[in-house]
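**Student:** Everything below, folded, please.
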Amino acid sequence: METYESIVIGAGQAGLSTSYHLRRRGVEHLVLDANAEPGGAWQHRWPALTMSDVHGIADLPGMRRLPDDGDDQARDAVPRYFAEYERRFELPVLRPVDVDAVTEEDGLLVVHAGDRRWRTRTIANATGTWTHPFVPYYPGIETFSGRQLHTVDFTRPEDFAGQRVLVVGGGQSAVQFLGLLRPVTDTLWVTRREPRWRTEPFTVEAGRAAVALVEERVRAGLPPDSVAGVTGLMLRSQEEEAQRLGAFERHPMFSRIEPDGVRWDGGSFEPVDVILWATGFRHALDHLAPLRLKGPEGGIRIDGSSTTPTNVADDPRIQLVGYGPSASTIGANRAGRVAARGVLRSLGR
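**Tutor:** Down below sits the predicted model:
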């Protein structure tokens, strides 16, 4: 097998940014992407998500995006941009390649995907979270006779007309779903914690403070919180009608699920037809398990001098991009540059 200087796993925003900076620095590398087409996780977003709904897509390094039509579906517009970016910079993307495992042999890292293998001196992992949706367990979850789905399964609000939808989750996605659903059907919102609403403008300083909190966790080897999770929730103009209809009246978590609804500790019962789990994701890192990177706290300890560190403290050959403080489009771009520098250091260049 040929031995690469670096292999990037994942071709979303973080992976493409990393590949761009590696190419500029003359690092011989390959990008392995599990998707059949360019676009990363964006190509799998729900059809109702338009460019006016997303919180902003940062331009990839070296190439500006053309202005968006706010009505364009995000799952079409962003992949078009990513595809053009790959072509313009001739990034070495190989797809579809679903990486199973990364092992070590004779001091080199070996990437496995079915019966295919690649050797490399370093790895920049940019696999994101979309393929690892998280659904918490509640007693009786397996008895529910209605429909259960996660964020990854959402389609259009019209598909839920006439059904009572229970939305579970305290993040911005839950707020967006309630904004879409309440004008067309009945909804109920439950969260583990009281939502924290942001009323003041989201400033650069507030963004930096949020990133710093996430960075502190990954440097300590703790599982990362999302950057969005510490910034507070905001209502946009798209959610005003849902707010008028009472969509954002929050209820505490139920204690169990029954075939036709949910029940609280006090005994009260709410009938529902659909449970929509807007409960977030976990980082897709199972393929790195053979390297034993996770520490006793359950996370992978990251270090480095940057505010978006990517270097795995216990194995400097590995860079985690789009993990922790770099899990945003702006953060992913910055982390791509940081990861490329980390790769060069590990190569002794």
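
**Student:** contacts, neighbours, all on C-alpha from now
**Tutor:** OK.

**Student:** So, low pLDDT: which residues of the stretch 1-150 of the chain?
**Tutor:** 55-56 (pLDDT under 70).

**Student:** Show the end-to-end separation of stretch 265-276, please.
**Tutor:** Stretch 265-276 has an end-to-end distance of 21 Å (criterion: C-alpha to C-alpha, to the nearest Å).

**Student:** from now on call the first residue 50
**Tutor:** Okay, using 50 as the starting number, the last item reads as stretch 314-325.

**Student:** what's next to that stretch, contact-wise?
**Tutor:** The list of residues contacting stretch 314-325 from outside it, by C-alpha atoms under 8 Å, 6 or more residues apart in numbering, reads 195-200, 212-217, 303-304, 309-312.

**Student:** Pull out the buried residues from stretch 303-310.
**Tutor:** 303, 305-307, 310 (16 or more other C-alpha atoms under 10 Å).

**Student:** Going by distance to residue 355, which of those residues wins?
**Tutor:** residue 303 (41.8 Å; C-alpha to C-alpha).

**Student:** check contacts around the closest residue to the closest one other than its chain neighbours.
**Tutor:** In this structure, residue 303 finds its nearest non-sequential neighbour in residue 313, 4.4 Å apart by C-alpha to C-alpha, 6 or more residues apart in numbering. Residues counted as contacts of residue 313 (C-alpha under 8 Å, 6+ apart) are 302-305.

**Student:** Count the neighbours of the nearest residue to residue 379 once chain neighbours are set aside for me.
**Tutor:** If you skip the residues right next to it in sequence, residue 379 has residue 107 as its closest partner in space, 5.4 Å away by C-alpha to C-alpha, 6+ apart. When counting by other C-alpha atoms under 10 Å, one arrives at 15 neighbours for residue 107.

**Student:** just residue 359 next, same as before
**Tutor:** A count of neighbours around residue 359, defined by other C-alpha under 10 Å, yields 34.

**Student:** swap in residue 316?
**Tutor:** 9.

**Student:** in the protein, which helix has the most residues?
**Tutor:** helix 378-396 (DSSP state H).

**Student:** In that one, which of the residues would be classed as buried?
**Tutor:** With burial defined by 16+ other C-alpha under 10 Å, the residues of helix 378-396 counted as buried are 378-393, 395.

**Student:** so what does it touch, helix or strand wise?
**Tutor:** On a contact count with 3 or more C-alpha pairs under 8 Å, 6 or more residues apart in numbering; DSSP states H and E, helix 378-396 meets helix 62-73, strand 172-174, strand 367-369.

**Student:** Shouldn't residue 311 be within a strand?
**Tutor:** Yes: according to DSSP: H, G, I helix; E, B strand; the rest coil, the state of residue 311 is that of a strand.
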